[in-house]
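**Student:** Have a look at this prediction, sequence included:
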Amino acid sequence: MYRKDEIIEIIRNGENSFVEFKLEDAHNIRLAREIASFANVSGGLLIIGVDDDKNIVGISENKLEERIMNICYNIIEPPLIPLYYELTVNDKTIAVVEIEKGINKPYCVKNEGRKEYYIRFGSTNREATREQLLRLFQTSGMLHYEINPVPAASFGDLDYDKLKDYFYNYRKINISDLEQFELLNLLKNTDIMVEYGEQSAATLAGLLLFGKNPKKFYQGCGIKAIKINGNKFTDPVIDHKFFERNIFENIEDTMIFFKNNTRHGFEVTDLQRTDIVEYPARAIRELIVNAVAHRDYTISGSQISMIIYEDRIEIKSPGKIPNTLTIDKMKQGLSYHRNPVILQFLYDARYVERLGRGIPMVIEEVRKNNQPEPIFKEDGDEFIVTIYKKAVV
């Protein structure tokens, strides 16, 4: 709940991505759209009794709270329970409706037999595009985009040798002994391929894991690695690479880039050598693997990136934190599997464990290297981890 002086300051600053003003005569559907759009993104404040020019008009309706709660229960699906309270400002009563970031996204507005999905965009709300709606459903866990078929990708677009190595080494299956139909059934049962009409097509996960040329079908398949001579993104670039092979190779290529562009040293005390590194490689590897395993693949126009500045390293992954997860929960070891198929293959190949200890391990490794705790944050449609460098002489 905000204090009166805080609300006055919010009104003075005007509408933005977290604040919307409405008069009490606004139609119920319009109020529902505002509330649902906030819940579908990062939450916000709906202040009733203030006009678009920031003038405090006030409210007179005695049952406004009941009306708001009915809107949230009967018009919005799934129902929401916002925080409602009233304040007196300049001798006029205004209503404040606090909407938390929803944990059951996506929220729709039921309007004349149609379900409308809105998101907050700047100081307005907009009906979600197809891509944004896919993202909302994936965030809810109701959809796993990775198992969608890629219609133009067939068995011939998968690397047979890499499939053979994987199934022999980790599943103890020699696919060379299988008939064609048996192999196709195996690939479908492991979600590498899927039925598509009367044909079979590779899934997005299948292409990312075992594709000969994943970028041919999916532009966001790779990892962008950059070394910058300075602490700003606009400073000169010393080295940069785009890794656009399969997931396993991209991880290894990124780690080679990391090792080639960070300093390593050692010190000798009591005849014992101790390695000194700017960043613990185990922590960086875990963050790269996490980015690959948990990124939002509905955002096809963006790539995972690792940027090495003079004073820090940033690892960016497309996609917001899923519904029920928070940064604090992540630090405690709670996890959510946005891409369970990709995660399973990474687990089989010993890239990850499934105990939720990845982020706590990263924090511990950085702490043991005498560095500040990593910074985890959401920025728009990206999740960013920042680790500040340890000086190496």
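**Tutor:** Structure received.
**Student:** Report the mean per-residue pLDDT for stretch 129-137.
**Tutor:** Taken as a whole, stretch 129-137 carries a mean pLDDT of 76.
**Student:** what's the answer for stretch 76-87, then?
**Tutor:** Averaging pLDDT along stretch 76-87 yields 93.
**Student:** how long is that stretch end to end?
**Tutor:** Using CA to CA, to the nearest Å, the span of stretch 76-87 from its first residue to its last is 25 Å.
**Student:** Equivalent analysis for stretch 371-379, please.
**Tutor:** Criterion CA to CA; first-to-last residue distance in stretch 371-379 is 23 Å.
**Student:** Then stretch 192-212?
**Tutor:** End-to-end distance for stretch 192-212: 13 Å, by CA to CA.
**Student:** Thought D235 was touching I226, still the case?
**Tutor:** No. Between I226 and D235 no contact is recorded; they are 10.6 Å apart, counting by CB atoms under 8 Å. Heads up, the C-betas are built off the backbone N, CA and C, glycines and all.
**Student:** Looking at the two, which has the bigger crowd around it?
**Tutor:** Taking neighbours as other CB atoms under 10 Å, I226 and D235 compare with I226 leading, 19 against 12.
**Student:** what about I47, helix or strand, and which?
**Tutor:** strand 44-48 (DSSP states H and E).
**Student:** In CSV, could you pull the C-alpha coordinates for that strand?
**Tutor:** Taking C-alpha atoms only, strand 44-48 is exported to CSV below (Å, rounded to 0.1, in the frame of the first residue of the first chain):
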residue,chain,number,x,y,z
GLY,A,44,0.9,-1.5,-11.9
LEU,A,45,-1.4,1.1,-10.4
LEU,A,46,-4.8,2.0,-11.6
ILE,A,47,-5.8,5.3,-10.0
ILE,A,48,-9.5,6.1,-10.3
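**Student:** neighbouring contacts of that strand?
**Tutor:** Judged by CB atoms under 8 Å, 6 or more residues apart in numbering, the contacts made with strand 44-48 from elsewhere in the structure are 2, 7, 10-11, 17-24, 26, 31, 34-35, 38, 59, 64, 82, 94-99, 120.
**Student:** Drop anything exposed from those.
**Tutor:** Buried positions within the contacts of strand 44-48, assessed by neighbour count (16 or more other CB atoms under 10 Å), are 2, 7, 10-11, 19-22, 24, 31, 34-35, 38, 59, 64, 82, 94-99, 120.
**Student:** domain parsing for this structure?
**Tutor:** Here the domain parsing of the chain from automatic domain parsing is 4-128, 147-214, 223-388.
**Student:** Pipe those domains into a markdown table and attach distance to F137 per row.
**Tutor:** As requested, the domains of the chain are exported to a markdown table (distance: least, CB to CB, whole Å):
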| stretch | distance to F137 |
| --- | --- |
| domain 4-128 | 6 |
| domain 147-214 | 12 |
| domain 223-388 | 9 |
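**Student:** Those domains: which one's closest to R135?
**Tutor:** R135 sits nearest to domain 223-388 of all the domains of the chain, at 4.7 Å, using CB to CB.
**Student:** Any idea how far apart the tips of the closest one sit?
**Tutor:** Using CA to CA, the distance between the terminal residues of domain 223-388 is 21 Å.
**Student:** how distant is it from the center of its chain?
**Tutor:** Once both centres are worked out by CA atoms, centre = their mean, to the nearest Å, domain 223-388 turns out to sit 14 Å from its chain's centre.
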